[in-house]
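# coords please:
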Amino acid sequence: MAMKTMHAAALCAVFLVGGCSLTEDALFPSSGSAADGGANTTATSTPVAVSTSNYEPPGVTPGAATGTYVGQKVVGLRGDLQQLQGTLSRQNQAMQGIRNDTVQDSQRFHGTVAAISARLQIGTTPGNPLLTQQWNGAQGELDRINDDVLKMNRLSNEVTTSSALAAYLLESVRATRQLSGAVDEDHRQLRILEDETNRTVVLIERLLSELSSDVARQQQYVGAERQNLNALAVAIKNGQLYGAALANRGGFAPAAYESAPMAAPRAAVTSDALVIISFDKPNTNYEGALYTAVKSALDRRPEATFDVVGVSAVGGTPGQDALNAANARRNADQVVRSLTNMGLPPGRIRVSSASGAASPAGEVKVFVR
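Numbering: from 1, shown residues only. Below is the predicted model:
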């Protein structure tokens, strides 16, 4: 397999998990030293960033009636602009309220996650029920942030309607200037009305642009934090802090999951595996070593993808060999689930099978592509 230069460093961290406590002690020192390669850090990013602009409309200049037909049109158009600005004012206030809610929800979320991370940092028991309860609370707080994003998206749709009305109103004002039977005062008021309608159009367009930007940024934020929460759940299960979700380390775009078919068996399994997991005992504890190795690979090559190969032992009866192959595939699927729970996009993982494991119980080897 390619990437020999990276594997030269990675081979120093090849992990034979399952009955190899020396490897795990080296990877996860009890004091948060640099030996973990930066894994023992807070598992989330900074609180969500929100914009601070204000789009309160300036108001509409009053005008005296002239008694002409055009003057009557001006009065009607002025009323339409006042109504539009009132709608814009309510939409602006709604945006400010959603922003405040988002900031508060984000602060609560990160406070909860920070408490969980701090407890994991100093050490705790695997599956600590108090941390699980806090994790459930953090998930609820992230759901509230997602609700805030949905509210902002609905508001964006409302502002889009206001934008269309503003454009129609501006065209109506300009068309009124072409009507006959107007006096000079009518045209003076129309010029003022056109300027104020223009400024309102600009305000609405800026509000709409900012809302669209906020929605996109916060959707990305929520998606990243959901990945981080999944990684944090794995950390709670194992009682040790890892770091941010793998997807947030490698700069991956979200990828739809594609169920990988069983690939043709490899003729031989090379020795340059990033991770070797031996399933020679029940409940093999491999996720900490796996996270550290994959994180290190992504730090070196953010665009890296991974092969997960279930390797079965051979040499027994045909029935035993078939059973070994099925167990190896099941173990490989388990490793794939661990990687996706840690945030690695499924589209970056390819699963296959091979034979020739050193351990009778079978192995799973992870390679970097």
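# for the helix or strand hosting Ser213, packing partners?
In this structure, Ser213 sits in helix 184-238 according to DSSP states H and E. Applying 3 or more Cβ pairs under 8 Å, 6 or more residues apart in numbering; DSSP states H and E, one finds that helix 184-238 makes contact with helix 69-122, helix 129-176, helix 247-250, helix 287-300, helix 318-341. Bear in mind the C-beta positions are built from the backbone N, C-alpha and C, glycine included.
# do that again at 6 Å, thanks
helix 69-122, helix 129-176, helix 287-300 (3 or more Cβ pairs under 6 Å, 6 or more residues apart in numbering; DSSP states H and E).
# point out where the stretch 251-369 of the chain drops to low pLDDT.
251-271, 357-358 (pLDDT under 70).
# could you list the domains of the protein?
4-40+246-368, 69-238 (automatic domain parsing).
# number of residues surrounding the nearest residue to Thr176 once chain neighbours are set aside?
Nearest residue to Thr176 in three dimensions, chain neighbours excluded: Lys73, at 5.0 Å (Cβ to Cβ, 6 or more residues apart in numbering). Look at Lys73: counted by other Cβ atoms under 10 Å, it has 18 neighbours.
# any chance of the domains of the chain in CSV, plus distance to Pro62?
Output for the domains of the chain, formatted as CSV (distance: least, Cβ to Cβ, whole Å):
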stretch, distance to Pro62
domain 4-40+246-368, 53
domain 69-238, 8
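# Ile277: what secondary structure?
At Ile277 the chain is in strand, as set by DSSP: H, G, I helix; E, B strand; the rest coil.
# for it, give the beta-bridge partners.
Val17, Val364 (DSSP bridges).
# rewinding a little: can you tell which of the domains of the chain is closest to Ser53?
Using Cβ to Cβ as the measure, domain 69-238 is the one of the domains of the chain that comes nearest Ser53, at 5.9 Å.
# and the closest one, how far out from the chain middle?
Centroid separation between domain 69-238 and its chain, computed with Cα atoms, centre = their mean, to the nearest Å, is 19 Å.
# straight-line length of that domain, end to end?
One end of domain 69-238 to the other measures 79 Å (Cα to Cα, to the nearest Å).
# what about that domain, average pLDDT?
Averaging pLDDT along domain 69-238 gives 93.
# state the distance from Ser162 to Gly86.
Going from Ser162 to Gly86 by Cβ to Cβ, to the nearest Å gives 11 Å.
# comparing those two, which residue is more hemmed in?
The residue with more neighbours, out of Ser162 and Gly86, is Ser162; 21 against 12, by other Cβ under 10 Å.
# that one and Thr87, how far apart?
For Ser162 relative to Thr87 (Cβ to Cβ), the value is 6 Å.
# which residues does the closest residue to Arg144 other than its chain neighbours contact?
Sequence neighbours aside, Asp105 is the residue nearest to Arg144 in space, at 4.6 Å (criterion: Cβ to Cβ, 6+ apart). Residues near Asp105 by Cβ atoms under 6 Å, 6 or more residues apart in numbering: 141, 144-145.
# would you agree Thr66 falls within a strand?
No. Looking at Thr66 with three-state DSSP, it is coil, so not inside a strand.
# so what's it scoring on pLDDT?
For Thr66, pLDDT reads 92.
# for the closest residue to it other than its chain neighbours, give its distance to Ile192.
Among residues not flanking Thr66 along the chain, Glu185 sits closest, at 5.1 Å (Cβ to Cβ, 6+ apart). Here the criterion is Cβ to Cβ. By it, Glu185 lies 11 Å from Ile192.
# I am finished for the moment; much appreciated.
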